[in-house]
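Visitor: only geometry, no sequence info:
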């Protein structure tokens, strides 16, 4: 969302007949340093040196001992697929899931009940088995909350999608949230992407949603983009590619102050190595903690899925590295933060090893 090659350079020295000899290697004439080649070399250095420096810094951030007080607070969450509300799951599946999460810190279930239509509405036939799931969870897993996970593609980088700048669309989204709360869900979890940093229409929508959920005693939670790892990184990447990956730290804080729970999608990071990924998560955890109010739940995402592409390297983005990075960032920034946890993405792609790493590292 590649991989940087590391090369080792060295100098040769020898001693002949007791005399130190320094060997000087020169370029063949056809490879002499012409000005065009010097310009290209300089450009390569401009790119490579910062990348290597950043890689070393991230690897350093992954070192050390997280220490005491950096494990679950019983406020974790998991994203669950649509099969839980469309009739494909039954009581036996829920019993197996209950056994799976027993003894963990999972408190919230984000159950996919959407997607929204591009006008913000939500057809009621998208979640026909919601009432069964909610009642069954409340009965067999007391204390666990079931939130409706709603999302859509935004028309921020293409012609199609939900347009938050339209007041009618925002009103429809609020109506869709009311609709799932009427269906019995304990809260609403929104994942709207790609959402650009500073979007005032999104903040306005959150204000309206917060008024609704607050009046119902329900939870309002959101999935959040990662925070600029360097100042204004979202602006630079957006200017070059037309697609913003990160939010500014200030915008992240504005969002966090408007919700009950914010879950950072701290995966799909472009990191090629496990140590770099873990250091990146540690840095993201620290940045998020600095601007998230203490009365808002902050959750760091764990990659419970297995893909390999430009944005996500399966060998690098492991649950073990994400948990360790989260603990390191927590321990260095706000070890005693109570409203903090991790969020597992996603149940239908998870493997036994992911669950084992989550239990061993965090619980």
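Guide: Perfect, thanks for sending it. Quantities reported herein were computed from a predicted structural model and do not represent experimental measurements.
Visitor: For the most centrally placed residue in the chain, which non-adjacent residue is closest in space?
Guide: The structure's the chain has its C-alpha centroid closest to residue 265; by Cα atoms, centre = their mean the separation is 1.3 Å. Closest residue to residue 265 apart from its sequence neighbours, by Cβ to Cβ, 6 or more residues apart in numbering: residue 301 at 5.1 Å. No exception for glycine: its C-beta is placed from N, CA and C like everyone else's.
Visitor: which residues are contacting the helix or strand where the one you found lies?
Guide: In the assignment (DSSP states H and E), residue 301 maps to strand 297-303. The set of residues external to strand 297-303 that reach it, using Cβ atoms under 8 Å, 6 or more residues apart in numbering, is 75-77, 221, 223, 256, 260-267, 281, 284-285, 288-289, 292, 312, 317-319, 322-323, 326, 329, 337, 339-345, 354, 358.
Visitor: which residue ranges form the helices in the stretch 51-200 of the chain?
Guide: 91-101, 130-140, 167-182, 200-216 (DSSP state H, counting those that start in this stretch).
Visitor: out of the contacts of strand 297-303, which are inside strands?
Guide: 76-77, 221, 223, 261-264, 340-345 (DSSP state E).
Visitor: Need these in JSON lines (columns: pLDDT, distance to residue 136 and neighbour count).
Guide: Output for the ones in strands among the contacts of strand 297-303, formatted as JSON lines (pLDDT from 0 to 100; distance: Cβ to Cβ, whole Å; neighbours: other Cβ atoms under 10 Å):
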{"residue": "76", "pLDDT": "99", "distance to residue 136": "20", "neighbour count": "24"}
{"residue": "77", "pLDDT": "99", "distance to residue 136": "18", "neighbour count": "25"}
{"residue": "221", "pLDDT": "98", "distance to residue 136": "21", "neighbour count": "26"}
{"residue": "223", "pLDDT": "98", "distance to residue 136": "25", "neighbour count": "23"}
{"residue": "261", "pLDDT": "98", "distance to residue 136": "23", "neighbour count": "26"}
{"residue": "262", "pLDDT": "99", "distance to residue 136": "28", "neighbour count": "24"}
{"residue": "263", "pLDDT": "99", "distance to residue 136": "24", "neighbour count": "26"}
{"residue": "264", "pLDDT": "98", "distance to residue 136": "30", "neighbour count": "26"}
{"residue": "340", "pLDDT": "98", "distance to residue 136": "28", "neighbour count": "25"}
{"residue": "341", "pLDDT": "98", "distance to residue 136": "23", "neighbour count": "23"}
{"residue": "342", "pLDDT": "99", "distance to residue 136": "24", "neighbour count": "31"}
{"residue": "343", "pLDDT": "99", "distance to residue 136": "22", "neighbour count": "29"}
{"residue": "344", "pLDDT": "99", "distance to residue 136": "20", "neighbour count": "27"}
{"residue": "345", "pLDDT": "98", "distance to residue 136": "23", "neighbour count": "22"}
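Visitor: and which of those residues is nearest to residue 89?
Guide: residue 344 (17.1 Å; Cβ to Cβ).
Visitor: quick one, what contacts the closest one?
Guide: 76, 77, 78, 79, 106, 301, 302, 304, 350, 354, 358.
Visitor: please redo it, this time with the cut-off set to 10 Å
Guide: 76-80, 101, 104, 106, 110, 263, 299, 301-305, 319, 322, 350, 354-355, 358 (Cβ atoms under 10 Å, 6 or more residues apart in numbering).
Visitor: what's the distance between residue 190 and residue 138?
Guide: As judged by Cβ to Cβ, to the nearest Å, residue 190 and residue 138 stand 23 Å apart.
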